[in-house]
Each structure stands twice: as C-alpha cells, then as structure tokens.
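Q: The following comprises the amino acid sequence and a computationally predicted model.
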Amino acid sequence: MKKYDLFVIGSGMAGMNIANRCASKGLKVGITDELPYGGTCALRGCDPKKIMLAATELRHFATNLEDRNISDIPEISWKAAMKSKQEFVEIMPAKLEKGYEKNGVETFHSSARFIKENQLKVGDEIIEAAKIVIATGAKARHLDFPGGDLTLTSTDFLNFENLPKSLIFIGGGYIAFEFAHMAARYGSKVTIIHRGERPLENFDPFIVEQITKATEELDIELILNTDVSKIEKSEAGYKVTANPDGNEKNWEAEVVINSAGRLPAIFDLDLDKGNVKFTQKGIVANEYLQSTSNPNVYVAGDAAATDGKPLTPVAVMEGHIVASNILKENSKKPDYSAIPTVVFTSPAMASVGLSEEQANQMGLDFIVKKNSIPNWFTAKRLNEKTYAFKTLIEKDSGKILGAHLTGPHAEEVINLFAMAIKGGLTSKDIKTMILTYPSASSDIVYMV
C-alpha cells in the first residue's frame, strides 16, 4: 500500500493546481488520470477548439467584407487547422508531467475508485491518503434511446482527420452552436436538433434570438421542440428519427454528435464505499468544497455540485480554494458572482451577472437597457449584422447587475462588465470613464 498526505483524482486545471501547490508546501502528493494529463480544457475542449476556430473567424470577417475591402474569400483547411491543433495538444501531457515531477508529485495513469473512506484502488495499487480530492471533470451525457450509442462526442469532433460532409448535433447548447458554426464555415452541412422551445437556454432570450438568426444565415438547420427517439445506420451514414407533433420525421447525416449536455464524471468512483454523498449534479460539498459526508474528501470543478458554472476559470478558482483549505484548514469559500461566460460562435455571445429572469426572482428593482445595434461603428466597419446588448442596472444604486452581449469582440468586452460588477461600479462610473476610441470596449459607455 502506498500512503500520501494528498491524492488527487483528475489532472485537469483544478487537479493540477491543487497537486502542485500542496506538493510545493511539503505534502506528499499523488495524482492519477485515466486519460492523458491535461484535462478537457487543454486537450479536448477550450484550447484546441479556439485553435480550430481561428481560421473560421478569418473567413467570417472576410465574408462580411467581401463586397467592400476583400476581393476573394480565403479558403480554409480543416486538415491544416487540425495539424496546428495537434501540435499544440500533443506536447501538453508530457509538459505537465514534467511539471509534476519537478514538484515531487507522483503520477499514475489509471482509473481510481474508492474502497474505504481513505483508500483508493488505482490500477493495481492500493492508495491510502489523509486527504483525497475529486477533480474528475465531466463527460457527455448518455443518450438512452435506441441508437444513442452510435453518436460521437465533442472529443471525437476535435479529432476528425477529415471533416464529415454532413453533421447532426443532438442538443442545442453551447457545444452544439460553437461546433456547428465551426463546421459550417469549414464546409459541412449542419443540423441542430434540440428538444426545447429555444436553444442556449441558459443565456438571455433576446441575445439568443440574435445569434439564432446568425446561425440560420449560415445555412445551419435548427430544429426545435423535437425529441429524438432513435438513431439508425443508413446509406448516408446515420438516420435520426423524431416524432414532433406525432408525425415521424427523419434527418440523415454522415455523423451524429451527442451535444445533449455533460454530467460529472464521478459515477465510476464507487463513491458509496468512500462515504461520499453525491447527486446527478456532482459531489455534495459544503462552502469549503469539502464533502458533507466524508470530511477527508474535497472536490473541485465540474465534479462538484456547487453553484459554480462548468467553466475552466471556475475550476481554477475552486482548485486554489481547495488547496488553501487543505493546507491551512477550512477558511476560503468560492465567490461565484461576476463570472463571465462565452459561446464562441461567430460573432461570439457572452454573459455575466444576473439574467433578467434571475433579477425578477430576487425581487430587485432594476432598469433593462437592450438594443440591436448593427448600425454602431464597431459593427459597421466590419459589416457585421449581429451586434446587440442587454444590461440590467439597479434603480437605486445604479450598479450593474448583469450584461449580455453578442457581436464583435463580445468575448473580450464582457470582461469589462465582469470587472464593473465585481467592483460595484455604477452606470455613472462607466459613463464617465475615458476609454480607447474607436474600440468595441468604448461602446459599454452607451450600453449602461
């Protein structure tokens, strides 16, 4: 049996920060991951996705300016982008493991499961640790209809050697929209089938309406209110069947992607044997990210059933908090206010703070400012047809409660709103700031 002060399950951003920081303070630390070291963000999500998106952003800008400044829209190559992405991804695991080695963290490459409250089975090894951290992230939700296992995942999408000529995404969340925009610009015929009345349900309806129009103008077929009932192999690849309004309908594509959401990757850990309470949302934790049933277990990132959004910056924040609470006893708590999020469509859609629905539920007295503004300079110079905002401002204090954007540089501008909310700035504070001009950032003065 090997013994540690701390053993971390999962080598993503949360797990990495916890393991390295605790090891640097003298704890004997081990870490394991059944997948290559680096986690979803670095290897199978945010970073590789952004590399693949770079060429599509160029094509989007060029297409908008075709009749003005650009004579020919550049061709973009999936294969070339994939090569660039692979060059980035392939060096990451070895680089991270070298960092663990430097910090004295012992690494394992097997799945883990609890056998007692302080013991794990990791591959063929029995591990005993004073503290155990679960930072296993999330994985695609299982589709429990016939043929659900014929679908591929976002990880498979980001490893396509050749982009399929046609794709169907099951589910209309941010993964579907980001990858649909990407695939359409690389030349694939794309369909999104979503069970709800509107896609991107966690985002503001007015902003989603704008990005939905942009999606449809890309010739992406968006099917709503449709629950897929089965998937079968067909001559074209796969046939997807649904029965909206009692009438059977079919769609065919070369590949079907499961983008119906992600669940915490905790259900193979034998948590009951570790006395670790959990739900479908994740490990149940207290305000210090400590298991409510086993005080020797902490959790961070998508594996935790907290109010934190499933975002890399949240996982990083929670990782720092867990490391601090292990090293210095429970003293730090996560702050989930003013955390911005973005959907990397073209243009991007971004949000921070309260939604209008949340502000109403809280009984707040606030002003809503919203507008579609493709006539503003930021959009006009790029000939961008999609540019809109909605902001929520508290009446008495003038404080910014929430901001929701789509348009050029929305993924950057939203960070200004995040700082404004975090710092308690008022609309007057923002209106009187001197900002660079002309710039997308300077538009916030007119949005509050």
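A: Great, that's in hand.
Q: Can I take it that D272 is in a strand?
A: No. Using DSSP: H, G, I helix; E, B strand; the rest coil, the assignment for D272 is helix, not a strand.
Q: Where does the prediction get shaky in the chain?
A: Within the chain, not a single segment meets pLDDT under 70.
Q: Thought I115 was touching I127, still the case?
A: No. In this structure, I127 is not within contact of I115 by C-beta atoms under 8 Å, at 9.2 Å. (Glycine included, C-beta is placed from N, CA and C.)
Q: Looking only at neighbour counts, state which of those two leads.
A: I127 (23 against 15; other C-beta atoms under 10 Å).
Q: so what's the residue nearest to the more buried one when sequence neighbours are not counted bridging to?
A: Leaving out its chain neighbours, the residue that sits closest to I127 by C-beta to C-beta, 6 or more residues apart in numbering is L120, at 4.4 Å. Beta-bridge pairing for L120 (DSSP bridges): F114, I127.
Q: ok, how many other residues are close to L120?
A: For L120, the neighbour count with other C-beta under 10 Å is 27.
Q: Assess the claim that it and I134 are in contact.
A: No. Distance between L120 and I134: 10.4 Å, which falls outside the contact criterion (C-beta under 8 Å).
Q: list residues touching both of the two?
A: Common neighbours of L120 and I134 (criterion: C-beta atoms under 8 Å, 6 or more residues apart in numbering): I9.
Q: ok, back up a step: which residues are in contact with both of I127 and I115?
A: By C-beta under 8 Å, 6+ apart, the residues touching both I127 and I115 are K121.
Q: can you give me the helices for the chain?
A: 13-24, 39-43, 46-64, 78-90, 92-103, 154-157, 174-185, 205-217, 312-328, 356-361, 377-380, 410-422, 427-431 (DSSP state H).
Q: Format the ones you listed as CSV; extra columns: mean neighbour count and distance to E232.
A: Shown next, in CSV, are those (neighbours: other C-beta atoms under 10 Å; distance: least, C-beta to C-beta, whole Å):
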stretch, mean neighbour count, distance to E232
helix 13-24, 25, 39
helix 39-43, 24, 30
helix 46-64, 18, 30
helix 78-90, 15, 27
helix 92-103, 15, 37
helix 154-157, 18, 19
helix 174-185, 24, 21
helix 205-217, 19, 27
helix 312-328, 22, 36
helix 356-361, 14, 39
helix 377-380, 17, 44
helix 410-422, 20, 39
helix 427-431, 16, 55
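Q: how about JSON lines for these, with distance to I367 added?
A: Output for the helices of the chain, formatted as JSON lines (distance: least, C-beta to C-beta, whole Å):
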{"stretch": "helix 13-24", "distance to I367": "37"}
{"stretch": "helix 39-43", "distance to I367": "36"}
{"stretch": "helix 46-64", "distance to I367": "32"}
{"stretch": "helix 78-90", "distance to I367": "43"}
{"stretch": "helix 92-103", "distance to I367": "46"}
{"stretch": "helix 154-157", "distance to I367": "38"}
{"stretch": "helix 174-185", "distance to I367": "28"}
{"stretch": "helix 205-217", "distance to I367": "15"}
{"stretch": "helix 312-328", "distance to I367": "29"}
{"stretch": "helix 356-361", "distance to I367": "10"}
{"stretch": "helix 377-380", "distance to I367": "23"}
{"stretch": "helix 410-422", "distance to I367": "15"}
{"stretch": "helix 427-431", "distance to I367": "9"}
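Q: nearest to D302, of the ones you listed?
A: helix 312-328 (6.8 Å; C-beta to C-beta).
Q: Counting by contacts, list what the closest one packs against.
A: With contacts taken as 3 or more C-beta pairs under 8 Å, 6 or more residues apart in numbering; DSSP states H and E, helix 312-328 sits against helix 13-24, strand 125-134, strand 297-299.
Q: Geometric centre of the chain: which residue is closest?
A: By C-alpha atoms, centre = their mean, the mean C-alpha position of the chain lies nearest to L311, the distance being 5.0 Å.
Q: Report whether the expected contact of that one with V342 is present.
A: No. The criterion here is C-beta under 8 Å, and L311 misses it with V342 at 9.2 Å.
Q: Common neighbours of the two, please.
A: Here L311 and V342 have no joint contacts, going by C-beta under 8 Å, 6+ apart.
Q: K385 is nearest to which of the helices and strands packed on helix 312-328?
A: Taking those one by one with C-beta to C-beta, helix 13-24 is closest: 35.7 Å.
Q: who are the neighbours of that closest one, in terms of helices and strands?
A: strand 2-9, strand 29-32, helix 39-43, helix 92-103, strand 125-134, helix 312-328.
Q: Just give me how far the third one sits from the chain centre.
A: So that's helix 39-43. Distance, stretch centre to chain centre, for helix 39-43: 11 Å (C-alpha atoms, centre = their mean, to the nearest Å).
Q: Please list all residues in contact with the residue lying farthest from the centre of the chain.
A: Taking C-alpha atoms, centre = their mean, the residue of the chain most remote from its mean C-alpha position is M1, at 37.5 Å. With contacts defined as C-beta under 8 Å, 6+ apart, M1 is in contact with Q119, I126, I127, E128.
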